[in-house]
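Peer 1: Let's see this in three dimensions:
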Amino acid sequence: MIVCNPIFSLLFLPALQLRTIITSTKALHAKGFGASGVNSGKNKASPFSSGKNEASPSPIIDPLDSLTHAQLSRRLSDVLKHFASLPEDHPSLQNFTPSYTPSLALLRGRLPDLLISRTRLGESSIPSAGRGLFATRNIAAAELLTLFPGDALLFREHDLAEITGVLYGKDATGDPLTSDESREYELRVSAKHSIVGDPKLDEDKAYLAHFANDGWALRGSSSEENMEYSRKSALACNAFFQLIEPECHMGLFAIRDIKVGEEVFVSYTSGYWLSRAK
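Peer 2: Modelled structure (predicted):
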């Protein structure tokens, strides 16, 4: 197992500290932060109604699926503001360095009790692809679907360099996440960092993005095959990965409206396939 400076392994934001800063499940619900707002637009009169301004029934809100992208972003910002407000000699800052910041600490691992339950796992519609990710309700374009976990945070000196270090999140199962098999669940987040989702951790619906398949595979290295891949992967793709401001968590978002039961596809890009070609 490759490790970084041992001092890094001492640090994962304590659950108690995170629970103090990030609102807990009960508090989120009690304060009325509500649902994501999907299908909750302005009331519209039915073409079969009497013409009166009749209010449509309120959508049924799943209390376990009410956290929005904006709310999560605000809570992550609150965590970083908390650390920024501390004096330099505060014990909570002793393990941070210019190369390992509070943002990276939040990128690594999983936050507890997030009210996100919009996807599930099932057999992929792609033959021999194993499990895939499916929407459990209708999803609006640009809506947050689920999160990509940082069960391992990989370090490199630059984009094309070999892995120089790895930090595991507190929820990781203990299996090495730097093997070729595990790196099928790796996602680059910058030139120097990537995150790996542990495929054995598949019950937290807030963190299922590492199970989203590419709708097409790159089958060779020629320019024609690359062009075919780019075109067909883009056609199948209905979701994309994006860092959540302030860039300390990775989210999976819908490119377009996704219907309940529809499989979620992302484009891994040709670089992913070429880097894993035997």
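Peer 1: And stretch 251-268, end to end?
Peer 2: 15 Å (CA to CA, to the nearest Å).
Peer 1: Please report the average pLDDT across that stretch, rounded to a whole number.
Peer 2: In this model, stretch 251-268 has a mean pLDDT of 98.
Peer 1: May I see the buried residues of it?
Peer 2: Gly251, Leu252, Phe253, Ala254, Ile258, Glu262, Glu263, Val264, Phe265, Val266, Ser267, Tyr268 (16 or more other CB atoms under 10 Å). The C-beta positions use only the backbone N, C-alpha and C, and glycine is treated the same way.
Peer 1: Closest one of those residues to Leu218?
Peer 2: Tyr268 (8.4 Å; CB to CB).
Peer 1: List the backbone torsions phi and psi for that closest one.
Peer 2: phi -70, psi -20 (degrees, to the nearest 10).
Peer 1: Excluding sequence neighbours, find me the nearest residue to it.
Peer 2: Once flanking residues are discounted, Tyr268 sits nearest to Asp214: 4.4 Å by CB to CB, 6 or more residues apart in numbering.
Peer 1: Return the residues in contact with Asp218.
Peer 2: Small correction: residue 218 is Leu, not Asp. Glu225, Asn226, Tyr229, Ser270, Trp273, Leu274 (CB atoms under 8 Å, 6 or more residues apart in numbering).
Peer 1: Which secondary structure state does it sit in?
Peer 2: coil (DSSP: H, G, I helix; E, B strand; the rest coil).
Peer 1: can you tell me the average pLDDT over the host helix or strand of Phe240?
Peer 2: Assigned by DSSP states H and E, Phe240 belongs to strand 239-244. What strand 239-244 shows for mean pLDDT is 97.
Peer 1: Return the list of helices and strands in contact with it.
Peer 2: Secondary-structure packing of strand 239-244 (3 or more CB pairs under 8 Å, 6 or more residues apart in numbering; DSSP states H and E): helix 69-84, strand 249-254, strand 263-266.
Peer 1: residue contacts, Leu153?
Peer 2: Contacts of Leu153 by CB under 8 Å, 6+ apart are Leu104, Leu107, Arg108, Val166, Leu167, Tyr168, Gly169, His193, Ser194, Ile195.
Peer 1: correct me, but Glu184 touches Ser275?
Peer 2: No. Judged on CB atoms under 8 Å, Glu184 makes no contact with Ser275 at a distance of 11.1 Å.
Peer 1: Could I get the CA-only coordinates of the strand holding Phe240 as PDB?
Peer 2: Taking C-alpha atoms only, strand 239-244 is exported to PDB below (Å, rounded to 0.1, in the frame of the first residue of the first chain):
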ATOM      1  CA  ALA A 239     -25.300  12.900 -16.700                       C
ATOM      2  CA  PHE A 240     -22.000  14.500 -15.900                       C
ATOM      3  CA  PHE A 241     -19.500  14.900 -13.100                       C
ATOM      4  CA  GLN A 242     -18.900  18.300 -11.600                       C
ATOM      5  CA  LEU A 243     -17.100  19.600  -8.500                       C
ATOM      6  CA  ILE A 244     -19.600  21.200  -6.000                       C
END
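Peer 1: So for it, what gets flagged as buried?
Peer 2: Ala239, Phe241, Ile244.
Peer 1: which among the residues you listed gets closest to Ser179?
Peer 2: Distance to Ser179 across the buried residues of strand 239-244 (CB to CB) is lowest for Phe241, with 21.9 Å.
Peer 1: Wait, that closest one touches Leu187, no?
Peer 2: Yes. Assessed by CB under 8 Å, Phe241 is found in contact with Leu187 at 6.3 Å.
Peer 1: what are the bridge partners for the residue nearest to Tyr268, then?
Peer 2: For Asp214, the beta-bridge partners under DSSP bridges are Val266.
Peer 1: Model confidence for it, exactly?
Peer 2: 96.
Peer 1: before we move on, what about Glu162?
Peer 2: Here, the pLDDT recorded for Glu162 equals 82.
Peer 1: count of residues packed around it?
Peer 2: 7 (other CB atoms under 10 Å).
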